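[1] Need a 3D model of the following:
(2 chains)
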Number of protein chains: 2
Amino acid sequence: MSFDTETLVYDAKGLIPAVAQDAASGEVLMVAWMNAEAVAKTLETGRVTYWSRSRASFWVKGETSGHVQTLVEMRVDCDRDCLLVLVEQEGPACHTNRRSCFYTAVRAGEEVIISEPIA
Amino acid sequence: MSFDTETLVYDAKGLIPAVAQDAASGEVLMVAWMNAEAVAKTLETGRVTYWSRSRASFWVKGETSGHVQTLVEMRVDCDRDCLLVLVEQEGPACHTNRRSCFYTAVRAGEEVIISEPIA
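    I've put the predicted structure just below:
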């Protein structure tokens, strides 16, 4: 079946969450949002493109930082309301210069920083 | 720093997305939603508990199916508006009886089913 971005289920703002996972290591790098056009751009260009809710504009990941995400594969979940993008991540995915945005663990009721900036 | 569920950033409906990842294999299993109380229940009980948007009730994963998720570690992202839960997954995570909900890949513009039911 041909993939049609219009068959995805978007929220009231026209957005769908996308989980970015390192295709090689399996590390979950970040979660951001796409609209239908961002999904299409990601597939067309092979450069993972989100919709920035704060800037209300397309966000080609790494366009300014150089920390690009090259699409390896896009997957859709059973409810069609979430995406998984397997990527090759250049450098850190997080704006804190950490590889992953998920660098804070909750251990025995305390927040623990489990990774440091790499760039 | 002590972890306080109130310091997370919830959407207009009081919900935060949670990515469930197999702690052993790294496979991304599913994405669902929690409210502050579901986050607290998950940490207190070690049984991953979501908020079902369709049923408007707590959803202790696997309570009826037996396909429970035992919490290994909860992580918070840099914006505090998304959670990653590393889990031990009993059986399939997906209601289609597949291990992961992300069983549909987009390859060369076509949807391809990449895994089959295991139960």
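[2] For A:Ser43, which three-state class applies?
    Small correction: residue A:43 is Leu, not Ser. Of the three states, A:Leu43 takes helix under DSSP: H, G, I helix; E, B strand; the rest coil.
[3] Surely it touches A:Val76?
    No: under the criterion of CB atoms under 8 Å, A:Leu43 makes no contact with A:Val76, lying 11.6 Å away. C-beta: built from backbone N, CA, C; applies to glycine.
[4] higher neighbour count, those two?
    In terms of neighbours (other CB atoms under 10 Å in any protein chain shown), A:Val76 is the more surrounded of A:Leu43 and A:Val76; the figures are 23 against 18.
[5] excluding its backbone neighbours, what's nearest that one?
    What sits nearest to A:Val76 in space, not counting adjacent residues and going by CB to CB, 6 or more residues apart in numbering or on different chains, is B:Thr104, at 4.5 Å.
[6] Determine the number of other residues adjacent to that neighbour.
    Count around B:Thr104 with other CB under 10 Å applied: 21.
[7] who does it bridge with?
    Here B:Thr104 sits in beta bridges with A:Val76, B:Ile113, going by DSSP bridges.
[8] Enumerate every residue touching it.
    Counting by CB atoms under 8 Å, 6 or more residues apart in numbering or on different chains, B:Thr104 touches A:75-78, B:111-114.
[9] Now the buried members of these.
    Buried residues within the contacts of B:Thr104, counting neighbours by 16 or more other CB atoms under 10 Å in any protein chain shown: A:75-78, B:111.
[10] who touches both of A:Leu43 and A:Val76?
    With CB under 8 Å, 6+ apart as the test, A:Leu43 and A:Val76 both reach A:3, B:106.
[11] Mind giving me the packing neighbours of the host helix or strand of A:Glu73?
    If you go by DSSP states H and E, A:Glu73 is part of strand A:69-76. Counting contacts by 3 or more CB pairs under 8 Å, 6 or more residues apart in numbering or on different chains; DSSP states H and E, strand A:69-76 packs against helix A:36-45, strand A:83-89, strand B:104-107.
[12] Keeping just the C-alphas, turn it into PDB.
    Extracted C-alpha coordinates of strand A:69-76, given in PDB (Å, rounded to 0.1, in the frame of the first residue of the first chain):
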ATOM      1  CA  GLN A  69      19.700  13.500  11.300                       C
ATOM      2  CA  THR A  70      19.800  11.400   8.200                       C
ATOM      3  CA  LEU A  71      16.700   9.200   7.800                       C
ATOM      4  CA  VAL A  72      17.400   5.500   7.800                       C
ATOM      5  CA  GLU A  73      13.700   4.400   8.100                       C
ATOM      6  CA  MET A  74      10.400   5.800   9.100                       C
ATOM      7  CA  ARG A  75       7.900   3.600  11.000                       C
ATOM      8  CA  VAL A  76       4.300   4.200  11.900                       C
END
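[13] Any buried residues in it, and which?
    A:69-71, A:73-76.
[14] cool, stretch A:56-63 as well?
    Quick answer for stretch A:56-63 (16+ other CB under 10 Å): A:59-62.
[15] No further questions, thank you.
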